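>>> sequence first, then the predicted structure:
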Amino acid sequence: MEAQATYEQIKDWMNENIDDYIDPMTGELCCTEISEACADHYNDNDEEIVPEIYYDVAVDVEGSLLGNSYGF
């Protein structure tokens, strides 16, 4: 399944909503939860299957939190 939202749209949404998906105990981003929420936002999940790009962008966003870039 191909995503309807673009990489930039996904990244922008995740950056705008990131605080809702940071684990307060560890300070880490919950990549699965933010990926699923973003796919729901864009109605981009078919039968509960989230396109891989959402997970890729979440890892990239997480990397930017840590000062890294994974280049996805």
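That came through fine. Numbering: from 1, shown residues only.
>>> buried set for the longest helix seen in the chain?
Scanning the chain for the longest helix, with DSSP state H as the assignment, gives helix 52-65. Neighbour-count burial for helix 52-65 flags Ile53, Tyr54, Tyr55, Asp56, Val57, Ala58, Val59, Asp60, Val61, Glu62, Ser64 (criterion: 16 or more other C-beta atoms under 10 Å). In this view, the C-beta of every residue, glycine as well, is placed from N, C-alpha and C.
>>> out of those residues, which comes closest to Glu33?
Distance ranking of the buried residues of helix 52-65 against Glu33, using C-beta to C-beta, places Ala58 first at 9.0 Å.
>>> the closest one and Asp19, how far apart?
Distance of Ala58 to Asp19, given as C-beta to C-beta, to the nearest Å: 14 Å.
>>> before we move on, what about Ile10?
For Ile10 relative to Asp19 (C-beta to C-beta), the value is 17 Å.
>>> also Pro51?
Note on Pro51: its distance to Asp19, by C-beta to C-beta, is 24 Å.
>>> which of those two has more neighbours?
Pro51 (19 against 8; other C-beta atoms under 10 Å).
>>> from Ala39, how far off is that one?
For Pro51 relative to Ala39 (C-beta to C-beta), the value is 7 Å.
>>> swap in Asp60?
Asp60 is 16 Å from Ala39, by C-beta to C-beta.
>>> in the sheet, which residues pair with Ile49? Tell me.
On the basis of DSSP bridges, Ile49 is bridged to Asp46.
>>> give me the most central residue, the protein.
The geometric centre of the chain, computed from its C-alpha atoms, lies nearest to Ala58 (C-alpha atoms, centre = their mean), at 3.4 Å.
>>> double-check that residue against Ile34; I have them as touching.
Yes. Between Ala58 and Ile34 there is a contact under C-beta atoms under 8 Å: 5.3 Å.
>>> and for the two, which residues touch both?
Here Ala58 and Ile34 have Met14 as joint contacts, going by C-beta atoms under 8 Å, 6 or more residues apart in numbering.
>>> so what's Asn15 up against?
Contacts of Asn15 (C-beta under 8 Å, 6+ apart): Val61.
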